[in-house]
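Trainee: next come a sequence and a model predicted from it.
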Amino acid sequence: MQLENLNPLFNFDEMPKQELVNSILTGQDILSVSQFDRDSLSYIFRRAREMREMVHRVGGTNLLAGRVLACLFYEPSTRTSSSFIAAMERLGGSVIPITQGVQFSSVSKGETLADTVRTLEQYADTIVLRHPETGAAKLAADYANVPVINAGDGAGEHPTQALLDLFTIREELGQIDGLKIAMVGDLRYGRTVHSLTKLLMQYNVSLRFVSPEILRLPMTIMNQVIDKNIPVRETHDVADVIENADVLYVTRVQKERFSDLSQYEDVKDHYEITTEIMAMAKKKMVVMHPLPRVGEIHYAVDNDPRAAYFRQVQNGMYIRMALLAAVLGRA
Ligand code: CP
């Protein structure tokens, strides 16, 4: 889908800013966080709050009645797939769920991604795609005539996760500007880190990147951070950042992205957030994790009110409700 082909009858100069943001998202592919500026982020966050209030009050609405979402997942998922399905159903729409493994679809017979999306668009109004290859969402969008939403493309981006992460920071701490945000773990392959870092570059934040040497943030992203004059530091040690961090964003080491598994074994247990580490942190801060976790945060930390990762999961549904409503033009 191309932006210039959308809503050609609108006179953007005469539209209030929030309506303008909505009209720009309508019919759009959501492939990268680079599509969002602070205005569109605050619009999505406002809509997500409205969705939260509506769900708490009445559970659902018929805003997207008659609309169909195809959920096409070439990689495992619990949160992203379930939250998109829940979001669509709470908005009154329906879902084609290819989320239990594409091995049960015609992909197992050799069907290409291009043909798969061109088939699904015959039934659905939008396609949510997760794929192991970076750039797959863009490729799908090039072939599809309905909006494609990137639900994670290899080690590339995971834009809807970054939106919900940023929303969680805003809701937990009441602001984004002025915060010190430390990202810990697999910063090389962790696509949620890549997307969230790009979004945070629009704010007045300080960034700390904590990783083993082989899992450092890619230089392409680090150079963007430096070009934006954002205060930044890299370290191997959580102890260097824990006392000052407002947000500790912890990630899993992504075993599935390693070609040499002995390298994975060397770094897999590098970081463990324990109650002892939390005792060194500020009273007002949050620990976040995109999940799944495989030992990076001890279960004992879950009882700490600063542990925000399950509230973060719930925010994912509200953000995806807001996004689906906007993309399908019913916000
Ligand atoms: N955070 C996230 O993307 O989780 P899933 O892999 O379970 O979708």
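Mentor: Perfect, thanks for sending it. Fair warning: this is a prediction, and the values are worked out from it, not measured in the lab.

Trainee: ok, residue 312 touching residue 166?
Mentor: No: using Cβ atoms under 8 Å, residue 312 is not in contact with residue 166, being 10.6 Å away. C-beta here means a position set from N, CA and C on the backbone, and glycine is covered the same way.

Trainee: now do residue 209 against residue 321, distance only.
Mentor: 32 Å (Cβ to Cβ, to the nearest Å).

Trainee: spell out, range by range, the helices that occur in the chain.
Mentor: 17-25, 38-58, 79-90, 113-120, 136-143, 159-173, 191-200, 219-227, 261-267, 275-279, 309-327 (DSSP state H).

Trainee: ok so, going back, who's more crowded, residue 209 and residue 321?
Mentor: Between residue 209 and residue 321, residue 321 has the larger neighbour count (other Cβ atoms under 10 Å), namely 29 against 23.

Trainee: who does the spatially closest residue to residue 120 that is not a sequence neighbour bridge with?
Mentor: Spatially, and ignoring its direct neighbours in sequence, residue 120 is nearest to residue 70 (4.1 Å; Cβ to Cβ, 6 or more residues apart in numbering). Beta-bridge partners recorded for residue 70 (DSSP bridges): residue 96, residue 127.

Trainee: hmm, residue 70 is touching residue 98, no?
Mentor: Yes: Residue 70 is in contact with residue 98 according to Cβ under 8 Å; the separation is 7.0 Å.

Trainee: ok, back up a step: quick one: closest of the helices of the chain to the ligand.
Mentor: helix 79-90 (3.3 Å; Cβ to the nearest ligand atom).

Trainee: now do the buried residues in that closest one.
Mentor: 79-88, 90 (16 or more other Cβ atoms under 10 Å).

Trainee: tell me the pLDDT of residue 127.
Mentor: With respect to pLDDT, residue 127 scores 98.

Trainee: and it, what is it in contact with?
Mentor: 69-70, 72, 117, 120-121, 140, 144, 146-149 (Cβ atoms under 8 Å, 6 or more residues apart in numbering).

Trainee: I would like a ChimeraX command selecting only the buried ones among these, please.
Mentor: Buried residues within the contacts of residue 127, by 16+ other Cβ under 10 Å, are selected in ChimeraX with:
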select :69,70,72,117,120,121,140,144,146,147,148,149
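
Trainee: could the buried residues of helix 79-90 go into JSON lines alongside pLDDT?
Mentor: Below are the buried residues of helix 79-90 laid out as JSON lines (pLDDT from 0 to 100):
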{"residue": "79", "pLDDT": "97"}
{"residue": "80", "pLDDT": "97"}
{"residue": "81", "pLDDT": "97"}
{"residue": "82", "pLDDT": "97"}
{"residue": "83", "pLDDT": "98"}
{"residue": "84", "pLDDT": "98"}
{"residue": "85", "pLDDT": "98"}
{"residue": "86", "pLDDT": "98"}
{"residue": "87", "pLDDT": "98"}
{"residue": "88", "pLDDT": "98"}
{"residue": "90", "pLDDT": "98"}
